[in-house]
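*Asks:* The amino acid sequence is not available; the structure is as follows:
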């Protein structure tokens, strides 16, 4: 009896322990104890609200969001902002339900790796072992002219693949399966803007005509409809986003012997207590379903009714709290609240670069880890702080959904961030909300380590007016708002053209998708669809993407000479573009003298520490070159001089977590 009582007591204790762990992701904890500034976290909701207020109802944006941030396994921030309906009558709830679209893909990838752990799925087995109907898929004919670099595609005479498409190819999007042409989803740009060759466009169109991808059909029906289609690329040679993960869902059905929805429920959703995640929203929960941002068009997914097609490619609905539990399981190495879903080895393999050195990434011509962002088995992975579009530490992994849902996981900081919005793809509203704002605001809310208690006391001093005048100017930090955000730790001297973010390498050169409005390139006449063939006299057709990006960069106020083929023209023309000093996402601090005191104010795209726009922070001198801010962070500033003795930059909080900036607009001499 004593043994039974002891076991019963232990069981209760374990249950209580599990509940406590679960509560740590349900109720926000003390921000300071988790390493955040509560005041800086409070900037997040107004940032979103300002954007909701800036766009009219016709902008294709549901004016609401849910944001969740966790650190060290504990919830730091969970906020519902705005409304979950377009009419602004139903307030957003923290458990409002969103169509997460392509954020379904990481869930499907985890499901596949569970079967790998079980010994029921072989990553390097041909897909045809599980789906015989796809065993004989051919590859569209491709021929590249060595002289011009132009690649022609033909669908009439498909070739045999060099090797079979594998399960691993499905996970990393190197299968050769692509998406259909989706101009309807991108009203501001079509596929023609990014692919000049009609042959490859024809393959996309062919997928749209023949593939049976409908909610009233099954995964088996869908896979069968792909059998007669050509692969766009040789398996393993090109990373192109497409229907790979949708096919993977059918592989999981076959390998597990269960319908895909049941497998997800049994092996992921139930163990992780993801109570609101599935392929449709039951009637009892419809009051929490966020509106579609595109009411004028039939919804891509009518998530109010049970489907026959369980699309692991983009069919799931979920909530911020549910998806946070999924992310925390990954950050924990496959386990949450004592329940192991996936092996630690499987998580490691999923979050490690899976592309070989000769595989291009995201439709460009850069390869593998050198692109700054690479792909694992289900996630984009950050590999280089300079080139990466994912703020955070190297090794961070992430993905986003069609309507703007987005998450990232930063293992170095033990940090998870989730954004839930619904906005029309291709709209300015969606671009404004997927501008890495949540990343910048989150990293900018992290606190820095306090100075050592053994440090000598800081004694104020009084510099002369002439000395203070030396420090007046604008200082540029690149795009970093925190020492924890490793993106763009440049010296502030790099110029900006405005075409760096939305480009793709093609055999003939650099294709321009979206020059930033108002940028130097746009003002000089660069338009969407233009092709840059030379930079400063160097042909681009044989260069890697990283080399091209390096040539785009240069000091501010310097000129880059381009040969460019404007969209709709056959021949190249010469174009000169002068690099600007200020970048779109620059973090800048302006220093000036007011009432015989040096003061600071943030003037760039983001606040930094306590420095904000329209807020003047006095600085007190502690030596001839060091100051301390009169703010809650007691930010320390040390000025840097060049070889001639002129002030050339500053350092915030000198030490292991310091941030550096270059002076870009000094006072007139």
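*Replies:* Now that the structure is in, tell me what you want to look at. These figures come from a predicted structure and were not determined experimentally.

*Asks:* how close does the nearest residue to residue 445 once chain neighbours are set aside get to residue 481?
*Replies:* Of all residues beyond its chain neighbours, the one nearest residue 445 is residue 40 (3.7 Å), with distances taken as Cβ to Cβ, 6 or more residues apart in numbering. To be clear about C-beta, it is placed using only N, CA and C from the backbone, and glycine gets the same treatment. Noted for residue 40: a distance of 10 Å to residue 481, by Cβ to Cβ, to the nearest Å.

*Asks:* Neighbour count: the two, which is higher?
*Replies:* A count of neighbours by other Cβ atoms under 10 Å puts residue 481 above the other of residue 40 and residue 481, at 30 against 25.

*Asks:* related to what we said a few turns ago, return every residue with contacts to both of residue 40 and residue 481.
*Replies:* Common neighbours of residue 40 and residue 481, counting by Cβ atoms under 8 Å, 6 or more residues apart in numbering, are 441, 444, 607.

*Asks:* now those residues as JSON lines including pLDDT, distance to residue 71 and secondary structure?
*Replies:* What follows is the shared contacts of residue 40 and residue 481, written out as JSON lines (pLDDT from 0 to 100; distance: Cβ to Cβ, whole Å; DSSP: H, G, I helix; E, B strand; the rest coil):
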{"residue": "441", "pLDDT": "93", "distance to residue 71": "14", "secondary structure": "helix"}
{"residue": "444", "pLDDT": "90", "distance to residue 71": "14", "secondary structure": "helix"}
{"residue": "607", "pLDDT": "90", "distance to residue 71": "20", "secondary structure": "coil"}
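
*Asks:* list the contacts for the residue nearest to residue 445?
*Replies:* Counting by Cβ under 8 Å, 6+ apart, residue 40 touches 441, 444-445, 607.

*Asks:* Show me which of these is closest to residue 237.
*Replies:* Closest approach between the contacts of residue 40 and residue 237, by Cβ to Cβ: residue 441, at 39.0 Å.

*Asks:* count of residues packed around that closest one?
*Replies:* Neighbour number of residue 441 under other Cβ under 10 Å is 24.

*Asks:* From residue 169, how far out is the residue nearest to it when sequence neighbours are not counted?
*Replies:* Among residues not flanking residue 441 along the chain, residue 44 sits closest, at 5.0 Å (Cβ to Cβ, 6+ apart). According to Cβ to Cβ, residue 44 and residue 169 sit 39 Å apart.

*Asks:* out of those two, which sits in the more crowded spot?
*Replies:* Ranked by neighbour count (other Cβ under 10 Å), residue 44 and residue 169 place residue 169 first, with 27 against 22.

*Asks:* roughly how far out does the helix or strand containing that one sit from the chain middle?
*Replies:* In the assignment (DSSP states H and E), residue 169 maps to helix 167-172. The chain centroid and the centroid of helix 167-172 are separated by 20 Å under Cα atoms, centre = their mean, to the nearest Å.

*Asks:* Equivalent analysis for stretch 46-53, please.
*Replies:* 20 Å.

*Asks:* Outside of that stretch itself, which residues are in contact with it?
*Replies:* Contact with stretch 46-53 is made by 61, 63-65, 67, 81-82, 429, 432-433, 437, 441, as judged by Cβ under 8 Å, 6+ apart.

*Asks:* what bits of the stretch 1-150 of the chain have low per-residue confidence?
*Replies:* 1-22, 142-150 (pLDDT under 70).

*Asks:* which residues in it form strands?
*Replies:* In the stretch 1-150 of the chain, the strands defined using DSSP state E, counting those that start in this stretch lie at 64-71, 74-82, 98-99, 139-144.

*Asks:* Ok, the stretch 251-400 of the chain next?
*Replies:* Under DSSP E, counting those that start in this stretch, the stretch 251-400 of the chain gives strands at 317-318, 335-336, 339-340, 373-375, 380-382, 397-400.

*Asks:* The fourth one packs against which elements?
*Replies:* When contacts are defined as 3 or more Cβ pairs under 8 Å, 6 or more residues apart in numbering; DSSP states H and E, strand 373-375 packs onto strand 380-382.

*Asks:* Paired strands for the strand it packs on, with orientation please.
*Replies:* strand 373-375 (antiparallel), strand 397-400 (antiparallel) (DSSP bridges).

*Asks:* Distance from the chain centre to the last one, please.
*Replies:* Same thing as strand 397-400. 5 Å.

*Asks:* hmm, back to that, hey, which of the strands paired with strand 380-382 is tucked in deepest?
*Replies:* Greatest average neighbour count among the strands paired with strand 380-382 goes to strand 373-375 (a mean of 24), per mean count of other Cβ atoms under 10 Å.

*Asks:* what mean pLDDT would you report for that strand?
*Replies:* What strand 373-375 shows for mean pLDDT is 85.

*Asks:* which one of the strands of the stretch 1-150 of the chain is the most hemmed in?
*Replies:* Comparing these by mean neighbour count (mean count of other Cβ under 10 Å), strand 98-99 comes out on top with a mean of 28.

*Asks:* Give me the contact list for that strand.
*Replies:* 66, 290, 292, 301, 303, 316-319, 401, 403, 405, 420-422.

*Asks:* State the pair within these that is farthest apart.
*Replies:* 66 and 301 (19.2 Å).

*Asks:* want to try TSV for the strands of the stretch 251-400 of the chain, with distance to residue 554 as columns?
*Replies:* Supplementary listing: those in TSV, determined by distance: least, Cβ to Cβ, whole Å:
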stretch	distance to residue 554
strand 317-318	44
strand 335-336	47
strand 339-340	51
strand 373-375	23
strand 380-382	24
strand 397-400	30
